[in-house]
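1. whatever this is, show me its structure:
(2 chains)
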Amino acid sequence: EADIYQTPRYLVIGTGKKITLECSQTMGHDKMYWYQQDPGMELHLIHYSYGVNSTEKGDLSSESTVSRIRTEHFPLTLESARPSHTSQYLCASSGTSPLHFGNGTRLTVT
Amino acid sequence: DAKTTQPTSMDCAEGRAANLPCNHSTISGNEYVYWYRQIHSQGPQYIIHGLKNNETNEMASLIITEDRKSSTLILPHATLRDTAVYYCIVFGAAGNKLTFGGGTRVLVKP
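-> From the prediction side, this is the model:
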């Protein structure tokens, strides 16, 4: 069973603040993903990585950035949060096993 | 990665089998069919996957047509806790960009 952790679980922050959403996995998976999901809507891929020092943009344009300095860690950063960034952000990872998701970070920008 | 199409929603009576169809007509030979479900706004949960043979586990059965252009997820005895959005996706080991469609919103009724 893969373990993938996201912190914080909930975050309420003011406009203009810089934030970093954390995602870590303990299974040594090469591939990691960030999805954005509004309530009741489908998941949209915003970033993915297939290994250390590799990052790619997903299907949905996002103002966020990601980094992959270590295999187990794939943080997502918003330099200047805006109300339009209010959403749920889900992190996932996979190796040869199926994709495993964290429980998400629900971000509210006021 | 191949796209999938699923019905938007489906109702099912508690205790009955729920049959969830998925079309993936552009699937390629090395792509697997995966099923996930998402309850409320939790991270999607892996259910089952297969390549060309039918598969069964403790959660569900997966029936893949001989031409692999479609599949059916079967929940043999649906319970109220099976109410969720069910996603069918296709993904190959070489693929890096894993995208989700809209899924099927399943409502299990007493």
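
2. how about whichever strand or helix holds A:Tyr35 against chain B, any contact?
-> Under the criterion of DSSP states H and E, A:Tyr35 resides in strand A:31-37. Yes: for strand A:31-37, a contact with chain B is found by Cβ under 8 Å from any Cβ of the partner chain, at A:Lys31, A:Tyr33, A:Tyr35, A:Gln37. Just so you know, the C-beta spots here come from the backbone N, C-alpha and C atoms, and that holds for glycine as well.

3. would you list these in a markdown table and tack on neighbour count and pLDDT?
-> Listed next are the residues of strand A:31-37 next to chain B as a markdown table, based on neighbours: other Cβ atoms under 10 Å in any protein chain shown; pLDDT from 0 to 100:
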| residue | neighbour count | pLDDT |
| --- | --- | --- |
| A:Lys31 | 19 | 92 |
| A:Tyr33 | 27 | 94 |
| A:Tyr35 | 27 | 94 |
| A:Gln37 | 20 | 93 |
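
4. what's the separation between A:Glu63 and chain B?
-> For A:Glu63, the distance to chain B (Cβ to the nearest Cβ, to the nearest Å) stands at 19 Å.

5. actually A:Ser49, sorry about that
-> Counting by Cβ to the nearest Cβ - A:Ser49 and chain B are separated by 9 Å.

6. whichever strand or helix holds that residue versus strand A:31-37: what angle between them?
-> Using DSSP H and E, A:Ser49 falls within strand A:44-51. Relative orientation of strand A:44-51 versus strand A:31-37 (axes from the mean of the first three to the mean of the last three Cα atoms, to 10 degrees): 170 degrees.

7. which other helices and strands does the next helix or strand after strand A:44-51 contact?
-> Once the chain leaves strand A:44-51, the next helix or strand it forms, by DSSP H and E, is strand A:54-57. Strand A:54-57 makes packing contacts with strand A:44-51 when contacts are defined by 3 or more Cβ pairs under 8 Å, 6 or more residues apart in numbering or on different chains; DSSP states H and E.

8. now do the contacts for the closest residue in space to A:Pro8 that isn't next to it in sequence.
-> The spatial neighbour of A:Pro8 that comes closest, neighbours along the chain excluded (Cβ to Cβ, 6 or more residues apart in numbering or on different chains), is A:Thr105 at 6.0 Å. Residues in contact with A:Thr105 (Cβ atoms under 8 Å, 6 or more residues apart in numbering or on different chains) are A:Gln6, A:Thr7, A:Pro8, A:Arg9, A:Tyr10, A:Leu11, A:Leu21, A:Gln88, A:Tyr89.
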